[in-house]
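> Take this sequence and fold it.
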Amino acid sequence: MAKITRKRKEALAKFDTESIYTIENAIDIVKDTTYTKFDASVDVDIRLGVDPKKANQMVRGIVTLPHGSGKEVRVLVLCTPDKEEEAKAAGADYYGLDEYVTKIKGGWTDIDVVITMPSVMAKVGALGRILGPRGLMPNPKTGTVTMEVGKAVNEVKAGKIDFKVDKFGIIHAAIGKASFEKQQLLDNTRELINTVVKLKPTSAKGTYVKSIYMSSTMSPGVQIEPKSVTL
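Numbers count the residues shown, from 1 in each chain. Below is the predicted model of the structure:
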């Protein structure tokens, strides 16, 4: 069993890990128990009453966090030359096509989001085995396969994130930084949870939102009462 550090012991002593808290109290606890020297990411894990192995119970969507995620998002736009200027003007970190396809085939994935155009999906599709497992594969459903590459870059840079349930039925999402104001974390969490609730599959039976936990990098998870989040 891994040894618990002194700082983690101190963090665990500040709240009851068996209790369920309102969203407001949970944010206070997470901010109070974050002990990293850097600005920690604040994450939310939502366990859903769905069976992700069934296609009609796959929960996937996009949400624009009102205050952004606080994360510097590195965007690659795989596009034809006539779209490069549009991508550059919108703030894309990298843009082009063949040279980046070659780089990715060679193992380069130093990016957070890939945006592309329908006309070059044949070339991008060949990168599926590299981009897919890393969650980087562009998808029309998340707005990352589009002719409006500039608009897509702007949205991602402004705080648009995509999410989907993993094989255990859990959605993991970074909703801000520990340095955010309490209200910012509250707004971002509510936006995410309410988006997930709206996506409830009609085939999902029983309790949909089974549990919600909030934590920051290296801090203990705090369980949240779902009714205190949904509007």
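
> Identify the residues contacting the residue most central in space within the chain.
Nearest to the mean C-alpha position of the chain, counting by C-alpha atoms, centre = their mean, stands residue 173 at 3.7 Å. Going by C-beta atoms under 8 Å, 6 or more residues apart in numbering, residue 173 touches 43, 44, 46, 161, 163, 192. (Glycine included, C-beta is placed from N, CA and C.)

> what's the following helix or strand after whatever helix or strand it lives in?
Following DSSP states H and E, one finds residue 173 within strand 170-177. Using DSSP H and E, the helix or strand that follows strand 170-177 towards the C-terminus is helix 182-198.

> so after that following helix, what's the next helix or strand?
strand 209-216.

> average pLDDT across the helix or strand just after that next one?
Heading C-terminal from strand 209-216, the first helix or strand you meet, by DSSP H and E, is strand 222-224. Strand 222-224 shows a mean pLDDT of 94.

> Listing partners with orientation, what would you give for strand 222-224?
strand 20-21 (parallel), strand 209-216 (antiparallel) (DSSP bridges).

> Tabulate the CA atom coordinates of the last one in CSV.
So the one you mean is strand 209-216. Extracted in CSV, the C-alpha atoms of strand 209-216 (Å, rounded to 0.1, in the frame of the first residue of the first chain):
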residue,chain,number,x,y,z
VAL,A,209,-26.3,10.7,-11.9
LYS,A,210,-25.0,8.1,-9.4
SER,A,211,-22.2,10.2,-7.9
ILE,A,212,-20.2,13.3,-8.4
TYR,A,213,-16.7,13.8,-7.0
MET,A,214,-14.5,17.0,-7.2
SER,A,215,-10.8,17.0,-6.6
SER,A,216,-7.7,19.0,-7.6
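
> Ends of stretch 9-16, what's the gap?
End-to-end distance for stretch 9-16: 12 Å, by C-alpha to C-alpha, to the nearest Å.

> quick one: buried residues of that stretch?
11, 15 (16 or more other C-beta atoms under 10 Å).

> Stretch 179-196 now?
Under 16+ other C-beta under 10 Å, the buried positions of stretch 179-196 are 180, 184-193, 195-196.

> same deal with stretch 92-108?
92, 93, 94, 95, 96, 97, 100, 101, 104.

> Just the endpoints, please. Distance across that stretch?
Per C-alpha to C-alpha, stretch 92-108 runs 17 Å from first to last residue.

> What mean pLDDT does that stretch get?
95.

> which residues touch that stretch?
Residues contacting stretch 92-108 (C-beta under 8 Å, 6+ apart): 74-81, 83-84, 87-88, 111, 115, 120, 123-124, 126-127, 130-131, 149, 153.

> quick revisit: and which of the buried residues of stretch 92-108 is nearest to residue 34?
residue 93 (28.1 Å; C-beta to C-beta).

> where along the chain do the strands fall?
20-21, 41-48, 60-64, 75-78, 94-96, 113-116, 160-164, 170-177, 209-216, 222-224 (DSSP state E).

> mind checking which of those is nearest residue 27?
Using C-beta to C-beta, those put strand 209-216 closest to residue 27, at 7.1 Å.

> which parts of that closest one are buried?
Applying 16+ other C-beta under 10 Å to strand 209-216 flags 209, 211, 212, 213, 214, 215, 216 as buried.

> got it, and stretch 107-117?
So, applying 16+ other C-beta under 10 Å, buried residues of stretch 107-117: 111, 112, 113, 114, 115, 116, 117.
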